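Chemist: This is a predicted model, with the sequence first.
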Amino acid sequence: MKREELYKRLNGVFQEVFDDEKILVNDKTTADDIEDWDSLEHINLVVAVEKEFGIKFNMGEVTTMKNVGEMVDIILEKMV
């Protein structure tokens with residue numbers, strides 16, 4: 001899967017989790033950029049991303065992701 005295609009699907013997940021169709025994420029997007037992205041919504045987001053892409057993040061990955069770009073890198077690694 002190409003990065004661009006992954007972002008299309010990921011945008012849909014973010015829009016659904018945060019109930020905001022205007023959200024468009026990129027490599028540098030962080031929790032500070034999305035108003036409702038708190039620790040509880042982070043867990044909901046991780047679960048939704050895992051379901052969408054058929055992957056599982058480990059705790060280390062979940063706690064060390066600094067931005068959406070790092071999340072995308074991990075998803076791409078897991079989908080190989």
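Modeler: Done, it's in.
Chemist: got the buried residues for the host helix or strand of residue 76?
Modeler: Using DSSP states H and E, residue 76 maps to helix 68-78. Buried residues in helix 68-78, counted by 16 or more other Cβ atoms under 10 Å: 68, 69, 71, 72, 74, 75. For the C-beta atoms, the positions are set from N, CA and C on the backbone; glycine is no exception.
Chemist: Show me where the chain has its helices.
Modeler: Taking DSSP state H as the criterion, the chain contains helices spanning 3-17, 39-53, 59-64, 68-78.
Chemist: could the ones you listed be laid out in TSV, adding mean pLDDT and distance to residue 29?
Modeler: Shown next, in TSV, are the helices of the chain (pLDDT from 0 to 100; distance: least, Cβ to Cβ, whole Å):
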stretch	mean pLDDT	distance to residue 29
helix 3-17	97	8
helix 39-53	96	12
helix 59-64	93	16
helix 68-78	96	4
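Chemist: Tell me which of those helices lies nearest to residue 25.
Modeler: Closest approach to residue 25 among those is made by helix 68-78 (4.6 Å; Cβ to Cβ).
Chemist: For that closest one, what is the distance to the chain centroid?
Modeler: Distance of helix 68-78 from the chain centroid (Cα atoms, centre = their mean, to the nearest Å) equals 8 Å.
Chemist: Please export the C-alpha coordinates of it as PDB.
Modeler: C-alpha atoms of helix 68-78 as PDB (Å, rounded to 0.1, in the frame of the first residue of the first chain):
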ATOM      1  CA  VAL A  68       0.700  10.700  12.600                       C
ATOM      2  CA  GLY A  69       3.800  10.300  10.400                       C
ATOM      3  CA  GLU A  70       5.300   7.900  12.900                       C
ATOM      4  CA  MET A  71       2.000   6.000  13.100                       C
ATOM      5  CA  VAL A  72       1.900   5.700   9.300                       C
ATOM      6  CA  ASP A  73       5.500   4.400   9.300                       C
ATOM      7  CA  ILE A  74       4.600   1.700  11.800                       C
ATOM      8  CA  ILE A  75       1.400   0.700   9.900                       C
ATOM      9  CA  LEU A  76       3.400   0.400   6.700                       C
ATOM     10  CA  GLU A  77       6.000  -1.800   8.400                       C
ATOM     11  CA  LYS A  78       3.300  -4.100   9.800                       C
END
